[in-house]
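# Just the structure for this:
(chains A, B, C and D)
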There are 2 protein chains.
Amino acid sequence: MLSKRARYAIKTLIYIYKNEEHHHVTAKSISENENIPYKFLEKILRELRQHKIVKSKRGAVGGYRFFKPATTVKVMDIMRIIDGPIALIPCVSENFYEKCHECVDEETCRVRHLFAELRDQMLPVLEKTIAELSKE
Amino acid sequence: MLSKRARYAIKTLIYIYKNEEHHHVTAKSISENENIPYKFLEKILRELRQHKIVKSKRGAVGGYRFFKPATTVKVMDIMRIIDGPIALIPCVSENFYEKCHECVDEETCRVRHLFAELRDQMLPVLEKTIAELSKE
DNA sequence: ATAATAGTCTACTGATTTGGTAGGGATTAA
DNA sequence: TTAATCCCTACCAAATCAGTAGACTATTAT
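Numbering: from 1, shown residues only, chains lettered A, B, ... in the order given. Predicted coordinates for the structure are as follows:
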């Protein structure tokens, strides 16, 4: 399951994308419009900033904006930042690989093959970008 | 991520399938051969029995067997029993649906569509049965 | 200069889940 | 009757999740 943080993050980015044109988007307005607890949101935004998804501006007319174009930010990027691996078992993860110390031979492990196939089916769907997701 | 319990459950069923022909398969032998803590395994087996995936026989030459043919037990069945929904958000889950009280309109929610598509890509892979998974 | 606005950071907390462990009870075959 | 084996309840420590509190820093408008 997706964590609430990840869902909030995706909603937050869609909201920023739709509102960043004329000014920075404040955490307050995101919080109010998307119904995300303010302090909780701050933490999420911080993570997004640290991973260079958004950039921030402090002070009176501050707020958040995309760091790189929303057309280049994929849903899978956000999921990996917030929740970690997409794959369901670590030994088939591309970005969070861990050796499986349960099966003897990774090359022939059938369970591994199955979950590799699963990951291969999942990834293309999650290539969708925030910009694409925001169109209506 | 798949829980350890779910991975243990899948391994357990593959092991039972490969060994049930001539006699019941004991928890002890599963535990030893698949490296699963005995007491933890017992709990998993109990859940599988309660969901009619395996049946048990008590006493001296007791153990576990498939309740219905392994050719009819899908990986997704096991995952749902042990870990719950396959879908990453409840509002697109087939078996564990919950209304999304975040988005205003489920029909037009873009996030929902994305995760519905994701689920649709995942399900066919997880249709694979324990019997298929055990072939070599 | 200063007040108001808005992001930054560290620390804490309560509830839930995860991955177990302990210990006995019931059943069956030899 | 005894050894093997499953059945059941209860407990536990660590991690994760969702969220809160409070103080600090930077920027802008007046």
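# now the helices for chain A?
A:4-19, A:27-34, A:38-50, A:75-83, A:110-125, A:130-134 (DSSP state H).
# Just send those helices back as JSON lines, with mean neighbour count, distance to DNA strand C and mean pLDDT too.
No exception for glycine: its C-beta is placed from N, CA and C like everyone else's. Shown next, in JSON lines, are the helices of chain A (neighbours: other Cβ atoms under 10 Å in any protein chain shown; distance: least, Cβ to the nearest atom of the strand, whole Å; pLDDT from 0 to 100):
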{"stretch": "helix A:4-19", "mean neighbour count": "21", "distance to DNA strand C": "10", "mean pLDDT": "97"}
{"stretch": "helix A:27-34", "mean neighbour count": "16", "distance to DNA strand C": "4", "mean pLDDT": "96"}
{"stretch": "helix A:38-50", "mean neighbour count": "16", "distance to DNA strand C": "5", "mean pLDDT": "98"}
{"stretch": "helix A:75-83", "mean neighbour count": "20", "distance to DNA strand C": "13", "mean pLDDT": "98"}
{"stretch": "helix A:110-125", "mean neighbour count": "18", "distance to DNA strand C": "15", "mean pLDDT": "96"}
{"stretch": "helix A:130-134", "mean neighbour count": "18", "distance to DNA strand C": "18", "mean pLDDT": "96"}
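# Could I get the contacting residues of the residue nearest the centre of chain A?
The residue lying closest to the centre of chain A (Cα atoms, centre = their mean) is A:Ile78, at 1.1 Å. Contact analysis of A:Ile78 by Cβ atoms under 8 Å, 6 or more residues apart in numbering or on different chains lists A:Ala6, A:Ala9, A:Ile10, A:Leu13, A:Leu48, A:Ile53, A:Ile130.
# how close does whatever residue of chain A ends up closest to DNA strand D sit to A:Thr72?
Nearest residue of chain A to DNA strand D: A:Gly59, at 2.1 Å (Cβ to the nearest atom of the strand). Counting by Cβ to Cβ, to the nearest Å, the gap from A:Gly59 to A:Thr72 is 28 Å.
# Could you check how far the residue at the greatest distance from the centre of chain A is from DNA strand C?
Most distant from the centre of chain A: A:Val104, at 33.5 Å, with distances by Cα atoms, centre = their mean. Using Cβ to the nearest atom of the strand, to the nearest Å, A:Val104 is found at 18 Å from DNA strand C.
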